[in-house]
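*Asks:* Got a predicted structure plus its sequence, pasted below:
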Amino acid sequence: MQPAYYEDFIEIKKKIWSMLDDAVTNRSSPFRIPVFVCGDQSEFDGRIIVLRKSDQSNNLLLFHSDIRSDKIPKLKKNSNAALIFYDKEEKIQLRVKVNCVVNHDNVITEQSWSKTAHVSRKCYLVNNGPGTEMDEPSSGLSEDIEKSGFTIEQSEKGYKNFAVIQCEIKSIEWLYLAAKGHRRARFEIDSNKEYWLVP
C-alpha cells in the first residue's frame, strides 16, 4: 500500500514540512543535518550543517555559522545556494534551492543566541575562524577554555562570531523511491507552481 503522499501534491507538502519541523528538535532525524552547497562560477563548496529552524509560513530554513567561516564571503558574493536532504528509511530526498541572508549582530542573531545551549556556544570561542591553517592539530580554543571549561558569562564572548543564515526557499524538488515506481515533484514557491517530473 502506497502512502498518502505517493501521488498527491498537498500530502507531499505536508510530509515535507513535517519532516523538516521534526528535524529541528529530533537529533536522530536524517533531515537534521543536510548538505549545504554554495559558491560562484569559479568555486563551489559543500558542507553538513545543522537545521535550526523550519518556518513553513515564511518558506524559511535557518542554520547557524561562524561569521569568520569561508562560506560567508561566498554567500555575500552569491546568495543563491542549495540544501540537500535525504532520509534512507523514508526513502525521501529533497533538493531545496534557496536565497541566503547572512545575519550578524542583529535581532535575529540575538534571539537565536539566547536559545543556543551553553555547550554549543563553545564553537564560537575559537581564537581564529574555521578553516584557519595551524602549525599543529588544534581545536582552536584557548588552553584555558580547553582544559577548564567555560562559564555562561565567558560564552557570551562568542556572540561576536555568531551568525544566522536565513535560507529563503525558492523551490523544492521531492523524490520518493518506491518499488512500485519512483515519484518526483517540483514546487516553485514564488510562482506557486507544482508539477511532476520523471524520477
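*Replies:* Yep, it's here. Numbers count the residues shown, from 1 in each chain.
*Asks:* Now do the helices in this protein.
*Replies:* With DSSP state H as the criterion, the chain has helices at 9-25, 71-77, 107-115, 143-148, 152-155.
*Asks:* With respect to Glu43, which of the ones you listed lies nearest?
*Replies:* Nearest to Glu43, of all those, is helix 71-77, at 7.7 Å by C-beta to C-beta. Bear in mind the C-beta positions are built from the backbone N, C-alpha and C, glycine included.
*Asks:* State the mean pLDDT of that closest one.
*Replies:* In this model, helix 71-77 carries a mean pLDDT of 94.
*Asks:* Put the alpha carbons of that helix into PDB.
*Replies:* What follows is helix 71-77, C-alpha atoms only, in PDB (Å, rounded to 0.1, in the frame of the first residue of the first chain):
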ATOM      1  CA  LYS A  71      31.200  30.400   3.300                       C
ATOM      2  CA  ILE A  72      30.200  33.900   4.400                       C
ATOM      3  CA  PRO A  73      32.100  35.800   1.700                       C
ATOM      4  CA  LYS A  74      30.800  33.300  -0.800                       C
ATOM      5  CA  LEU A  75      27.200  34.000   0.200                       C
ATOM      6  CA  LYS A  76      27.800  37.700   0.200                       C
ATOM      7  CA  LYS A  77      29.100  37.400  -3.400                       C
END
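*Asks:* Strand partners (parallel or antiparallel) of the longest strand that the chain contains?
*Replies:* Assignment by DSSP state E gives strand 162-176 as the longest strand of the chain. Note on strand 162-176: by DSSP bridges, its sheet partners are strand 60-66 (antiparallel), strand 92-104 (antiparallel), strand 183-188 (antiparallel).
*Asks:* ok, and what's touching the least confident helix or strand in the chain by mean pLDDT?
*Replies:* Every helix and strand in the chain was compared by mean pLDDT, DSSP states H and E; the lowest is helix 143-148, with a mean of 77. When contacts are defined by C-beta atoms under 8 Å, 6 or more residues apart in numbering, helix 143-148 is touched by residues 122, 125, 139, 154.
*Asks:* Greatest separation within these: which pair is it?
*Replies:* Largest separation among the contacts of helix 143-148 by C-beta to C-beta: Ser139 and Gln154, giving 15.5 Å.
*Asks:* More neighbours: which of those two?
*Replies:* Between Ser139 and Gln154, counted using other C-beta atoms under 10 Å, the more crowded position is Gln154 (16 against 13).
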